[in-house]
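Peer 1: pasting the sequence and the predicted model now:
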Amino acid sequence: MPTTARAAPSLARLCLLRTPGVGPSRVRALLRRFGSAEAVFAAGPKAWAEAGCSDALIAGLSAPDRTAAAADLQWLAGSARHHCIADDDPRYPSRLKAIAAAPVALFAVGDVGLLEQPQLAIVGARGASSQGRENARAFAQAASRAGLLVTSGLALGIDAAAHAGALEAGAATIAVCGNGLDRIYPPRNQALGEAIAERGLLISEYPPGTAPKPQHFPQRNRIISGLSLGVLVVEAQLGSGSLITAKLAAAQGRE
């Protein structure tokens with residue numbers, strides 16, 4: 001179903017998203033207290049302290065990165081397939097909105113109408129066996145033919161095989177990234193990422209220009225499970241990010 005386009009977020013909203021140390025819960029608390037991103041920045045240090053902001057957060061709010069936020073607006077204007085979907089946007093996926101600490105906004109490249117489709121997350125080891133990769137590919141093809149959209153994390157190994165299997169079945173697929181969408185990571189998945197952007201959807205809670213830092217990938221796992229009806233772990237080591245995703249799915253009430 002076609003989705004209604006929304007205006008780009010304001011410069012102040014993008015500055016707030018980029019403020020160091022401000023997570024989803026704090027952003028929502030500030031917006032509830034002050035009413036808008038513009039009002040947040042206009043409030044000043046005394047009001048921020050009264051709102052419970054730490055000294056580090058007050059320092060960040062005192063020096064918003066307007067240059068980076070302006071670059072975000074340029075990125076959004078650069079293509080009709082570039083999007084920033086705030087959590088008050090009707091295009092924001094309802095399943096994801098229901099989880100704890102849901103992203104305040106999602107950056108996206110591709111068909112955002114896919115976000116509400118029933119999804120199965122397929123995840124697993126980066127250093128997967130050849131049999132594991134083949135299993136992931138086959139599961140993704142079967143799920144796609146059964147009407148489930150395959151969602152994964154664009155990592156090497158199982159993730160890449162799952163995305164490839166969905167595309168080979170003639171279906172779309174969603175990749176949740178741990179970096180800004182002005183680049184595809186890892187570089188070995190460049191062609192796969194471009195195919196997903198063209199035929200499916202790349203999403204990230206991180207604005208363009210954000211490097212793929214190690215801590216981002218455990219964070220993005222809650223989005224993979226939160227978008228999905230359930231999570232299939234094909235092959236994983238004990239204590240791996242894939243099993244963390246499965247635990248998150250259980251905590252979110254998913255299969």
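Peer 2: Nice, thanks for sending it over.

Peer 1: all contacts plus neighbour counts: C-alpha atoms, from now on.
Peer 2: OK.

Peer 1: contact partners for Thr67?
Peer 2: For Thr67, no contacting residues are found, by Cα atoms under 8 Å, 6 or more residues apart in numbering.

Peer 1: in what helix or strand does it lie?
Peer 2: Per DSSP states H and E: Thr67 is located in helix 66-77.

Peer 1: run the chain-centre distance for that helix.
Peer 2: How far helix 66-77 lies from its chain's middle: 18 Å, per Cα atoms, centre = their mean, to the nearest Å.

Peer 1: report the buried residues of it.
Peer 2: Using 16 or more other Cα atoms under 10 Å as the test for burial, helix 66-77 gives Ala68, Ala69, Ala70, Ala71, Asp72, Leu73, Trp75, Leu76.

Peer 1: can you name the next helix or strand after it?
Peer 2: Next helix or strand after helix 66-77 toward the C-terminus (DSSP H and E): strand 82-86.

Peer 1: ok now that following strand, how far from the chain's centre?
Peer 2: With Cα atoms, centre = their mean as the basis, strand 82-86 stands 11 Å off its chain's centre.

Peer 1: what does stretch 186-196 give?
Peer 2: With Cα atoms, centre = their mean, you get 16 Å for stretch 186-196.

Peer 1: in that stretch, what's buried?
Peer 2: Quick answer for stretch 186-196 (16+ other Cα under 10 Å): Leu192, Gly193, Glu194, Ala195, Ile196.

Peer 1: restricted to helices, list these.
Peer 2: Among the buried residues of stretch 186-196, the members falling in helices (DSSP state H) are Leu192, Gly193, Glu194, Ala195, Ile196.

Peer 1: need the residues you listed in CSV (columns: pLDDT and distance to Ala47).
Peer 2: Converted to CSV, those look like this (pLDDT from 0 to 100; distance: Cα to Cα, whole Å):
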residue, pLDDT, distance to Ala47
Leu192, 98, 47
Gly193, 98, 43
Glu194, 98, 45
Ala195, 98, 47
Ile196, 98, 44
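
Peer 1: how many neighbours does Ser79 have?
Peer 2: The tally of other residues near Ser79 (other Cα atoms under 10 Å) stands at 11.

Peer 1: measure it to Glu38 for me?
Peer 2: Plainly put, Ser79 is 26 Å away from Glu38 if you go by Cα to Cα, to the nearest Å.

Peer 1: check Ala164 too.
Peer 2: For Ala164, the distance to Glu38 - Cα to Cα - is 43 Å.

Peer 1: which other helices and strands does the helix or strand encompassing Ala42 contact?
Peer 2: Using DSSP H and E, Ala42 sits in helix 37-43. Using 3 or more Cα pairs under 8 Å, 6 or more residues apart in numbering; DSSP states H and E, the elements in contact with helix 37-43 are helix 11-18, helix 24-34.
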